[in-house]
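Visitor: got a predicted model here, sequence first, then my questions.
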Number of protein chains: 2
Amino acid sequence: MPNLDAAFSALADPTRRAILARLALGEATVMELAQPFEMTQPAISRHLKVLESAGLIIRRVEGTKRPCRLAPDGITGVDQWLAMLRQALAKNYERLDEVLATMQPEERKDRP
Amino acid sequence: MPNLDAAFSALADPTRRAILARLALGEATVMELAQPFEMTQPAISRHLKVLESAGLIIRRVEGTKRPCRLAPDGITGVDQWLAMLRQALAKNYERLDEVLATMQPEERKDRP
DNA sequence: CCGTTATATAAACATTAACTTATATAACGA
DNA sequence: TCGTTATATAAGTTAATGTTTATATAACGG
């Protein structure tokens, strides 16, 4: 039961996407994630909370640190929803291909 | 140059996702798209505008109608961004797989 | 224990978003 | 040309989001 509203909404912010991109390289702590940005630490904490409650990241407790990593479930949920659109596009493309294939050469303006 | 902010933000709304799901089946007019929802027509028009300026749909003019369909470019843009996360997850999974493969059978708690 | 480091929460504010109702535009069909 | 159908725009309201500064919690290292 992935919450797509929350997940897509979380992905709509460039800071959060950058955080996810960083996490794609591996686990990182809050401070490590905050460092590249010109933003205060509370702001990053908030972004992480958004990502976490959207199910896109997971946080461990390690002493005083809270290392984050990507959460497969949430990401897969988003990805599966998009797969539908991907398929629809592929099907349309296939149909277009058929049309082109059955056309007479003279009609084909794309390769004159 | 796909605007990912706009695209993901557009996808964050359930009404708009439903509209896209409908369009995955094929072109539809504004009224056809509006009909399933308990929402006024102007509200749907607004959602369509959001989807259009996010590059997720395209509108034709056909007399007094404005049939909509999916816009491959915008959707592909979103999809490609997500591909990065998908890959990261796949790589992690592969690593986990290696670990499991090199473990001694007695250590494997997943298949006791 | 105490100061420092890592992170979270609260309060306040500005900006943006999602609706609604009311009205405009613009093509169709008689 | 006129009424109808299809869609867009405007104005106004309410709610949500992204920040910041200030403060709290909580573990670490001496």
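Guide: The structure has been received and is ready for your questions.

Visitor: CA atoms for contacts and neighbours, from now on please.
Guide: OK.

Visitor: next one: phi and psi at the residue in chain A positioned nearest to DNA strand D?
Guide: Distances between chain A and DNA strand D by C-alpha to the nearest atom of the strand are smallest at residue A:63, namely 3.1 Å. Taking degrees, to the nearest 10, you get phi 60, psi -130 for the backbone angles of residue A:63.

Visitor: helix, strand, or coil at residue A:18?
Guide: Here residue A:18 is recorded as helix under DSSP: H, G, I helix; E, B strand; the rest coil.

Visitor: picking up where we left off before, and the residue of chain A closest to DNA strand D, how many neighbours does it have?
Guide: 6 (other C-alpha atoms under 10 Å in any protein chain shown).

Visitor: then the one 3 residues further on?
Guide: For residue A:66, the neighbour count with other C-alpha under 10 Å is 16.

Visitor: okay, it and DNA strand C: tell me how far apart.
Guide: 4 Å (C-alpha to the nearest atom of the strand, to the nearest Å).

Visitor: could I get the contacting residues of the residue of chain A closest to DNA strand D?
Guide: Residues in contact with residue A:63 (C-alpha atoms under 8 Å, 6 or more residues apart in numbering or on different chains): none are found.

Visitor: and chain A, which residues reach DNA strand C?
Guide: Within chain A, the positions near DNA strand C by C-alpha under 7 Å from any atom of the strand are A:29-32, A:41-42, A:45-46, A:48, A:64-67.

Visitor: just the buried ones from those?
Guide: Buried residues within the residues of chain A next to DNA strand C, counting neighbours by 16 or more other C-alpha atoms under 10 Å in any protein chain shown: A:29-30, A:48, A:66-67.

Visitor: in JSON lines: those, plus secondary structure.
Guide: Shown next, in JSON lines, are those (three-state DSSP):
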{"residue": "A:29", "secondary structure": "coil"}
{"residue": "A:30", "secondary structure": "helix"}
{"residue": "A:48", "secondary structure": "helix"}
{"residue": "A:66", "secondary structure": "coil"}
{"residue": "A:67", "secondary structure": "coil"}
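
Visitor: could I get the phi/psi values of residue A:69?
Guide: According to degrees, to the nearest 10, residue A:69 has phi -150, psi 170.

Visitor: before we move on, back to that, taking the residues of chain A next to DNA strand C together, which two end up most distant?
Guide: Greatest spatial distance in the residues of chain A next to DNA strand C: A:46 and A:64, 17.7 Å, computed using C-alpha to C-alpha.

Visitor: in stretch A:52-61, what's buried?
Guide: A:52, A:54-59.

Visitor: and which of those is nearest residue B:20?
Guide: Lowest distance from residue B:20 to the buried residues of stretch A:52-61 (C-alpha to C-alpha) belongs to residue A:54, with 21.2 Å.
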